[in-house]
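A.B. asks: Any chance you could fold what I've pasted below:
(one chain, ligands or ions: 2)
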Amino acid sequence: MQTAEPEPVQPGPLIVLSGPSGVGKSTLVERLVATSPWPLRRAITATTRPPRPGEIPGKSYHFWTREEFERAIRNQHLLEWARVFDTDYYGTPRDEVEPYRAKGYGVILVIDVQGAARIRELVPDALHIFLMPPNWETLEQRLRQRGDLSEERLQRRLQTAQTELAAAPHFDVVVINDNLDSALQQVQQAIAPRFAALKSRNTNP
Ligand SMILES: Nc1ncnc2c1ncn2[C@@H]1O[C@H](COP(=O)(O)OP(=O)(O)OP(=O)(O)O)[C@@H](O)[C@H]1O
Ligand SMILES: Nc1nc2c(ncn2[C@@H]2O[C@H](COP(=O)(O)O)[C@@H](O)[C@H]2O)c(=O)[nH]1
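C.D. replies: Ligands and ions are numbered 1, 2, ... in the order given. Coordinates of the predicted model:
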């Protein structure tokens, strides 16, 4: 007796969320994943910077030494990586993305604009969302209120933010994070079609 071959699962969508430091990417993605009606996972990325108070290794980031990070680059374990703010390395381990997409999960990357540009080259059908502050003063205020940066590091991030904001036109969708609920709703609307397309590809005979 012949048995039907199981339908191959289509890879889940890859979504990139970028924007200047302090705009609210992590806050929004935490809510997005917690309320998602779709199978959606945030990739835990790796960094050589030290943990901030309250950050949990393996949950907030994989905190690696410089040697560990450089070994991962050499062994091609990273999908993309960048030196952010000229200080530390940040990168996306392949095993945080590929096995989940292969099982049909959507994966969201919260990365800087250099990483987003690299993903644009590597994964042409990824959806790129840029989170924009309502104005400059609010961005600075959010970075300050988080209270985890020295004045020097804060100024470095604001300086980098100037060039990052200029990259917004390269993104598929730009969302202004003034009111968090409204920004969340706009991001949900932007990603919904990617899951609708996936469902019909994975269920149609
Ligand atoms: N819509 C909003 N209204 C008011 N405060 C907000 C809003 N969104 C985020 N915040 C606050 O702004 C601060 C920075 O947010 P968050 O840490 O999520 O930014 P981020 O973009 O992930 O930063 P980084 O890139 O440095 O990791 C936090 O204190 C957060 O609570
Ligand atoms: N290119 C990449 N950028 C990343 C990655 N993980 C995080 N980031 C970005 O770095 C800055 C700083 O983050 P912070 O936690 O030190 O405030 C921020 O814009 C992140 O989105 C990554 O894997 N690759």
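A.B. asks: Bridged to the residue nearest to the spatial centre of the chain, which residues?
C.D. replies: Nearest to the mean C-alpha position of the chain, counting by C-alpha atoms, centre = their mean, stands residue 110 at 1.7 Å. Beta bridges link residue 110 to residue 17, judged by DSSP bridges.
A.B. asks: got a list of what it touches?
C.D. replies: 17, 18, 25, 26, 29, 42, 43, 45 (C-beta atoms under 8 Å, 6 or more residues apart in numbering). To be clear about C-beta, it is placed using only N, CA and C from the backbone, and glycine gets the same treatment.
A.B. asks: Using CSV, lay out the residues you listed together with distance to ligand 1, neighbour count and secondary structure.
C.D. replies: Compiled in CSV, the contacts of residue 110 are given as follows (distance: C-beta to the nearest ligand atom, whole Å; neighbours: other C-beta atoms under 10 Å; DSSP: H, G, I helix; E, B strand; the rest coil):
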residue, distance to ligand 1, neighbour count, secondary structure
17, 9, 26, strand
18, 9, 25, strand
25, 4, 21, helix
26, 3, 13, helix
29, 8, 20, helix
42, 11, 18, strand
43, 14, 21, coil
45, 10, 22, coil
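A.B. asks: and ligand 2, which of those residues contact it?
C.D. replies: Among the contacts of residue 110, the residues lying close to ligand 2 (C-beta under 6 Å from any ligand atom) are 25, 45.
A.B. asks: could you dump the contacts of residue 110 to TSV with pLDDT?
C.D. replies: Converted to TSV, the contacts of residue 110 look like this (pLDDT from 0 to 100):
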residue	pLDDT
17	98
18	98
25	98
26	96
29	98
42	98
43	98
45	98
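A.B. asks: with the contacts of residue 110 in mind, which one is nearest to residue 60?
C.D. replies: Comparing these against residue 60 with C-beta to C-beta places residue 26 closest, at 8.5 Å.
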